[in-house]
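Participant: Here's my sequence, what's the structure:
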Amino acid sequence: MNYRILSRPSYSILELELFDGEEIFAEPGAMVYMKNVDLSPTMRGGIFGGLKRTILGGESFLINRYISKGKGLIGLAPPYHGDIAAIRLSGRLYAQSGAFLASSPSINIDVKWGGAKSFFVGEGIFLLKIEGSGNLFLSSFGGIEMLEVDEKLAVDTGHVVAFEDSLDFKVRGAGGLKATLLSGEGLVAEFSGKGKVWIQTRSISEYIGWLSSLIPSKIRR
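Facilitator: Purely as a prediction, here's the structure:
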């Protein structure tokens, strides 16, 4: 397949050109336009797999399968303002819930218990485990940047999109107790090892907090 990411980073849309018989899986509701493509909702991993993705991973129960008839064209977009990252996956990575947009059919998505530490990341205690070989497209709130980790890197917990399986992480305060409580920085995920981390340039929780501050207190009640 060929792909382009248009209108980035704030209002990104993924445009895919598919060859005859080529397939792509995508989140329900992501399709903006399509041409010479058949749509077929499916349940990857059976009922149990669908329930895991929905209840634990924050993803949709069903996933849409698009099959090209001849030369196909499809445009996909996430439900919120933000960017799209194209990753040529060969192996495994972990992503925050809601980050998956689309992938080649050779890529599998499961839900992984992230341990008690991931509860503090702000995206829930479960991570999406994405593995296989092929094209993977993730979305975010804000722009997406890829950072190389060599030994250690601390990332604000609200800005983590995905990270490679070769990395380990722990959650800690941004500084000492005073800095953690008063600086406004809160908690960070400290990655160690060698690998890649994808970050988003905006935090959904911080954005919601900012919007709430603009609403008069009488209306909030």
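
Participant: Next secondary structure element downstream of the helix-or-strand element of the chain with minimal mean pLDDT?
Facilitator: When the helices and strands of the chain are scored by mean pLDDT, DSSP states H and E, helix 46-51 comes last with a mean of 43. As assigned by DSSP states H and E, the chain's next helix or strand after helix 46-51 is strand 63-76.

Participant: Quick check: neighbours of the helix or strand just after that following strand in the sheet, parallel or antiparallel?
Facilitator: Counting by DSSP H and E, the next helix or strand C-terminal to strand 63-76 is strand 84-95. Paired strands of strand 84-95, with direction, are strand 126-139 (antiparallel), strand 160-164 (antiparallel) (DSSP bridges).

Participant: how far off strand 63-76 does the first one point, in degrees?
Facilitator: Spelled out, it's strand 126-139. Angle of strand 126-139 versus strand 63-76, following axes from the mean of the first three to the mean of the last three C-alpha atoms, to 10 degrees, is 30 degrees.

Participant: What residues of strand 126-139 count as buried?
Facilitator: Neighbour-count burial for strand 126-139 flags 126, 127, 128, 129, 130, 131, 132, 135, 136, 137, 138, 139 (criterion: 16 or more other C-beta atoms under 10 Å). For glycine as for every other residue, the C-beta is placed from the backbone atoms N, C-alpha and C.

Participant: thinking again about what came up before, now for the strands paired with strand 84-95, which one comes closest to residue 83?
Facilitator: Nearest to residue 83, of all those, is strand 126-139, at 7.1 Å by C-beta to C-beta.

Participant: Give the rounded mean pLDDT of that closest one.
Facilitator: The average pLDDT within strand 126-139 is 91.

Participant: farthest-separated two in the buried residues of strand 126-139?
Facilitator: 126 and 135 (24.1 Å).

Participant: So which residue is dead centre in this structure?
Facilitator: residue 99 (1.7 Å; C-alpha atoms, centre = their mean).

Participant: That residue touches residue 136, doesn't it?
Facilitator: No - contact criterion C-beta atoms under 8 Å: residue 99 and residue 136 do not qualify, at 10.0 Å.

Participant: Distance check, residue 170 against residue 192.
Facilitator: Here residue 170 is placed at a distance of 8 Å from residue 192 (C-beta to C-beta, to the nearest Å).

Participant: residues contacting residue 81?
Facilitator: 10, 11, 141, 142 (C-beta atoms under 8 Å, 6 or more residues apart in numbering).

Participant: List buried residues within these.
Facilitator: Using 16+ other C-beta under 10 Å, the buried members of the contacts of residue 81 are 141, 142.

Participant: would you list the contacts of residue 81 in CSV and tack on secondary structure?
Facilitator: CSV is the format used below for those (DSSP: H, G, I helix; E, B strand; the rest coil):
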residue, secondary structure
10, coil
11, strand
141, coil
142, strand
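
Participant: Would you convert the contacts of residue 81 into JSON lines that also reports distance to residue 68?
Facilitator: Shown next, in JSON lines, are the contacts of residue 81 (distance: C-beta to C-beta, whole Å):
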{"residue": "10", "distance to residue 68": "29"}
{"residue": "11", "distance to residue 68": "25"}
{"residue": "141", "distance to residue 68": "30"}
{"residue": "142", "distance to residue 68": "31"}
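
Participant: can you tell me which of the contacts of residue 81 lies nearest to residue 31?
Facilitator: For those, the minimum distance to residue 31 (C-beta to C-beta) is 16.0 Å, reached by residue 11.

Participant: Enumerate every residue touching that closest one.
Facilitator: 77, 81.
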